[in-house]
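> Got a sequence here, can you model it:
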Amino acid sequence: MMTIDGIFAQLNGLIERREWDKVEPFLTGCMENASELKNYGIYITIGNELLDFYRETGQFEKALNLSEDILLLMEELQLEETEHFATVMINVAAVCQAAGRDEEAYRYDVRALKIYEQALSGGDIRFIRLYQNMSMLLESRNEFEEAAMLLEKAATILENKPEEKEQRADLLTSAALLRFKQEKYEEGEELLKLALSLYEASENLSGAAEDGEELHCAHYSAALSGLGEAAFRREDYETALAFYEKAASVSASTFGESEGTRLLRENCAAIVQMLHSDCQNPS
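Sure, this is the predicted structure:
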């Protein structure tokens, strides 16, 4: 029986070589071996990896069957109140959400949250993924207040982690846009200002995005656009134009002339026309 490190080393090799057709048989073989040896720790760990693989490749039925097997085993081992059980449930919830079974996903997340609250300290970073998942599900139900609060709680966890300022800014940006959906524009704008200060303190968001930074750049552009919208609603059109122009620049450098970039440029053009009209027709 290979060690868990040996299994992951071989798995990473398959992924690096893009031998996707070999991933499932390799992982199922490791699980069968672990089951024969009653090494349930490896069985559960590798099962979690296979669960993610099934989700990412759209094999939802296999994923749901496997998740039931893993959860039942953990219950038999009396692990159902542990953080490990909660982590598996979060992965199962992600499968349910990807399969369009949002209500089921939310139930798994709620149960996982109850376990985490008992097993982990309030500032544990493992809460962040769970809060994000639950926020997405709540947003899909138009429960924007609860969704925004969870993202703000997630951002609070990262307050004293300067190395995670970009992730914190992403969370604040997403929370702000939910505040906008509630028409709480002042609250949203304050969150965006804080997010912007974090983005501008980052050394990773200048110029074209490197691998892994595109998501942060997308949120950065969204924060700038949101501040543009807030300024526009206050009829501060010059400030709105400045934010929209910067948002368009970030979008273009990251994604090229995408649909999002085009819409931002259209906003800029519309504001320029308004300002020109105001100059031509002063009150």
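> any idea how far S197 is from V250?
16 Å (CB to CB, to the nearest Å). The C-beta positions use only the backbone N, C-alpha and C, and glycine is treated the same way.
> higher neighbour count, those two?
Taking other CB atoms under 10 Å, S197 and V250 do not tie; V250 has more neighbours (24 against 12).
> Name the nearest residue to that one, sequence neighbours excluded.
S221 (4.4 Å; CB to CB, 6 or more residues apart in numbering).
> Show me what counts as buried in whichever strand or helix holds that neighbour.
Assigned by DSSP states H and E, S221 falls within helix 214-233. Judged by neighbour count (16 or more other CB atoms under 10 Å), helix 214-233 contains these buried residues: 216-232.
> what sits against the residue nearest to Q167 when sequence neighbours are not counted?
Spatial nearest neighbour of Q167, excluding adjacent residues (CB to CB, 6+ apart): L158 at 6.2 Å. Shown in contact with L158 (CB atoms under 8 Å, 6 or more residues apart in numbering): 125, 128, 164-165, 167-168, 171.
> got the angle between the helix or strand of the chain with the lowest mean pLDDT and helix 214-233?
Ranked by mean pLDDT, DSSP states H and E, the weakest helix or strand in the chain is helix 259-280, scoring a mean of 87. With axes from the mean of the first three to the mean of the last three CA atoms, to 10 degrees as the basis, helix 259-280 and helix 214-233 are set at 20 degrees to each other.
> Run through the neighbouring helices and strands of the helix or strand hosting N48.
Per DSSP H and E, N48 falls inside helix 40-56. When contacts are defined as 3 or more CB pairs under 8 Å, 6 or more residues apart in numbering; DSSP states H and E, helix 40-56 packs onto helix 4-16, helix 23-36, helix 60-76, helix 83-98.
> What residues sit buried inside the shortest one?
By 16+ other CB under 10 Å, the buried positions in helix 4-16 come out as 7, 11.
> elements contacting that helix?
Using 3+ CB pairs under 8 Å, 6+ apart: helix 4-16 touches helix 23-36, helix 40-56.
> Tell me which of those helices lies nearest to L14.
L14 lies closest, by CB to CB, to one member of those: helix 23-36, at 5.5 Å.
> can you give me the angle that closest one makes with helix 40-56?
160 degrees.
> Just give the closest residue to C96, not the sequence neighbours.
That would be A105: by CB to CB, 6+ apart, it lies 3.8 Å from C96.
> from memory the one you found sits against A93, does it?
Yes: between A105 and A93 a contact is recorded at 4.3 Å, counting by CB atoms under 8 Å.
> what do these two both touch?
In contact with both A105 and A93: N133, using CB under 8 Å, 6+ apart.
> Domain-wise, how is the chain divided?
Using automatic domain parsing, the domain parsing of the chain gives 1-120, 121-283.
> what's the least confident stretch among the ones you listed?
Comparing the domains of the chain by mean pLDDT, the weakest confidence falls on domain 121-283, with a mean of 90.
> can you map out the helices along the stretch 101-250 of the chain?
102-119, 126-140, 144-157, 165-181, 185-200, 214-233, 237-255 (DSSP state H, counting those that start in this stretch).
> and H84, which of the ones you listed is closest to it?
helix 102-119 (9.2 Å).
> coming back round to it: which of the helices and strands packed on helix 40-56 has the highest mean neighbour count?
Compared across the helices and strands packed on helix 40-56, helix 83-98 shows the largest average neighbour count, a mean of 22 (mean count of other CB atoms under 10 Å).
> Report the angle between that helix and helix 40-56.
Computed by the same axes, to 10 degrees, the angle between helix 83-98 and helix 40-56 is 20 degrees.
> and helix 83-98, what does it pack onto?
helix 40-56, helix 60-76, helix 102-119, helix 126-140.
> Can you add distance to S121 and give the helices and strands packed on helix 40-56 back as TSV?
Listed next are the helices and strands packed on helix 40-56 as TSV, based on distance: least, CB to CB, whole Å:
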stretch	distance to S121
helix 4-16	26
helix 23-36	31
helix 60-76	22
helix 83-98	11
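> so which of those comes closest to L50?
Short answer: helix 23-36, nearest of the helices and strands packed on helix 40-56 by CB to CB, at 4.4 Å.
> residues of the least confident helix or strand of the chain that come out buried?
Buried residues in helix 259-280 (16+ other CB under 10 Å): 260-261, 264-265, 267-268, 271.
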